[in-house]
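> next come a sequence and a model predicted from it.
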Amino acid sequence: MDEVTPQVTPVSKLIIPSLVISRAITALPTLVTGLLLIDIGETFNTPVGISGQIRTASSALSIIFALSMGFLSIKYKHKTLLATGLLIYSLSAVTCSLAPNFTIMLGVYALSGLGFALVNPMVSSLIGELLPVEKRTSVISYTIAGLSLFYVTGSLLSSYIANLAGWRWAFLGLVFPISALSLLLALKAIPLKKSTSTASGMSDIRAGFKAIVTNKSAVACVIGTTLGLSAWNLHLIYGASFWRQRYLVSTGFVSIAMIFSALSYILGSLLSGRVVKRFGRKPLVVFSALLLGLTTMAVTYPPTFWYAYVLGIIASLCAGMMITGFTSLTLEQIPRFRGTMMSFSSAATSLGQLICASFGGFLLLQYGYNVLGVGLGIAGILSSLVIHTFAIDPVRIRDE
């Protein structure tokens, strides 16, 4: 089916900044828990491997709700779903700051997984609705880069706030106000319009799911995203704790070191637009996922911090390219059911987080950081193989 090229409405020039900030907010809870996981564990008297399970609960809820988003994205306007997700992020930040014990922290942090299931696929779907195809990869790269830019400022602010007032205020003083701001901006900037899908009713919802699960390339994108994000989340969930425990560096030092990792991630995402124009979406994903897997396998072995840090910088560069490539490749798979497709992609992203947090936590507790790196690095290599073998780039085929 031919796709009608959408046009950006003249409602507001803030549409792209709003989408960038909306996606960027999804990074903040991950940043706070990754940087301050040891501190959270000390508060609730839990080891790092157990404290990391708050991400497992969040990812599990995100997977469940992301699959239901396949229905919701057809029945409800994408702006409404996006705004709901941003509101949930605000509520989660407040409740995390007030959690009296680990069990409650586990539950209220899981709300951020619900927010992710709403925000992440709707940002991508709105890019598909509001922008012409030739601009989508570039705008996707802006949203991925914006996400990492929040890491640059957020890591410094989180460390400063935590040292000044404790980790709880990192949620209340950083995550909450930015979530609230992104909600207000989205309500003002993004036009309220119906989904571009022509589907309506249960029969069309079933048709959307069937179109995805019977499409070999679409399924490959979902599986590849799961495996690739499993590898990358090692750096997000356990990277800061690894540096602090293996090399005995301070939280403040780690927050500064994360700036250059974030800048590398930004560079990778911004380079993706040029790489896609020259080589295509699929080669970008295959190469970046493979290199990410290899660096993840090696990153826990260096005897000194700086060698490990260089490998982490390379992994960040690859991750920025890989995630931008995956988002762009997935977005173009089934244009008629774009919202449903991106909901599957969001579920895959959360499943990757869950695998890293749960299986990775098990490997860490039982065998240590070296086995953790090898196990999740293999997932990145498998991601590259899946895309190379089974995925296609529909845009490249149409152009030919």
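Received, thanks. Small disclaimer: the values here were computed from a predicted structure and weren't measured.

> quick one: low-confidence parts of the stretch 1-150 of the chain?
1-12, 48-49, 70 (pLDDT under 70).

> can you pull out the helices in the stretch 251-400 of the chain?
251-279, 281-298, 305-331, 338-367, 369-390, 394-399 (DSSP state H, counting those that start in this stretch).

> for residue 284, the count of nearby residues, please.
26 (other C-beta atoms under 10 Å). All C-beta spots, glycine's among them, are computed from the backbone N, C-alpha and C.

> ok, the residue nearest to it when sequence neighbours are not counted to residue 144 distance?
Leaving aside its sequence neighbours, residue 284 sits nearest to residue 325 (C-beta to C-beta, 6 or more residues apart in numbering; 4.0 Å). In this view, residue 325 and residue 144 are 10 Å apart by C-beta to C-beta, to the nearest Å.

> give me the common contacts of those two.
With contacts taken as C-beta atoms under 8 Å, 6 or more residues apart in numbering, residue 325 and residue 144 have residue 272 as neighbours in common.

> show me which of the two is the more surrounded one.
Each of residue 325 and residue 144 has its neighbours counted (other C-beta under 10 Å); residue 325 has more, 33 against 30.

> tell me where the model's unsure across the stretch 301-400 of the chain.
Applying pLDDT under 70 to the stretch 301-400 of the chain flags the ranges 396-400.

> what are the buried residues along whichever strand or helix holds residue 42?
According to DSSP states H and E, residue 42 maps onto helix 37-44. Of all the residues in helix 37-44, those buried under the rule 16 or more other C-beta atoms under 10 Å are 37, 38, 39, 40, 41, 43, 44.

> closest one of those residues to residue 259?
Comparing the buried residues of helix 37-44 against residue 259 with C-beta to C-beta places residue 37 closest, at 18.7 Å.

> the closest one contacts residue 51, doesn't it?
Yes: Residue 37 is in contact with residue 51 according to C-beta atoms under 8 Å; the separation is 5.2 Å.

> ok, for residue 16, nearest residue in space, not its chain neighbours?
In space, and not counting its chain neighbours, residue 16 is closest to residue 139: 6.1 Å by C-beta to C-beta, 6+ apart.

> same check on residue 227?
Closest to residue 227 by C-beta to C-beta, 6+ apart is residue 383, at 3.7 Å.

> likewise for residue 190?
Distance criterion C-beta to C-beta, 6+ apart; nearest residue to residue 190, sequence neighbours excluded, is residue 79 at 4.9 Å.

> that neighbour and residue 130, how far apart?
In terms of C-beta to C-beta, residue 79 sits 10 Å off from residue 130.

> then residue 345?
Here residue 345 is placed at a distance of 18 Å from residue 130 (C-beta to C-beta).

> which of these two has more residues huddled nearby?
Ranked by neighbour count (other C-beta under 10 Å), residue 345 and residue 130 place residue 345 first, with 26 against 23.

> I figured the more buried one was touching residue 327, is that so?
Yes: using C-beta under 8 Å, residue 345 is in contact with residue 327, at 7.3 Å.

> find residues that contact each of the two.
residue 124.

> restrict the host helix or strand of residue 217 to CA atoms and write it as PDB.
Taking DSSP H and E as the definition, one finds residue 217 inside helix 216-233. Only the C-alpha atoms of helix 216-233 are listed here, as PDB (Å, rounded to 0.1, in the frame of the first residue of the first chain):
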ATOM      1  CA  LYS A 216       9.300 -11.600   8.600                       C
ATOM      2  CA  SER A 217      11.200  -8.300   8.500                       C
ATOM      3  CA  ALA A 218       8.900  -6.700  11.100                       C
ATOM      4  CA  VAL A 219       9.400  -9.600  13.500                       C
ATOM      5  CA  ALA A 220      13.200  -9.500  12.900                       C
ATOM      6  CA  CYS A 221      13.200  -5.800  13.900                       C
ATOM      7  CA  VAL A 222      11.400  -6.600  17.100                       C
ATOM      8  CA  ILE A 223      13.700  -9.500  18.000                       C
ATOM      9  CA  GLY A 224      16.800  -7.500  16.900                       C
ATOM     10  CA  THR A 225      15.700  -4.600  19.100                       C
ATOM     11  CA  THR A 226      15.300  -6.800  22.100                       C
ATOM     12  CA  LEU A 227      18.800  -8.300  21.700                       C
ATOM     13  CA  GLY A 228      20.500  -5.100  20.900                       C
ATOM     14  CA  LEU A 229      18.900  -3.200  23.800                       C
ATOM     15  CA  SER A 230      19.900  -6.100  26.100                       C
ATOM     16  CA  ALA A 231      23.500  -5.400  25.300                       C
ATOM     17  CA  TRP A 232      23.200  -1.600  25.600                       C
ATOM     18  CA  ASN A 233      21.400  -1.700  28.900                       C
END
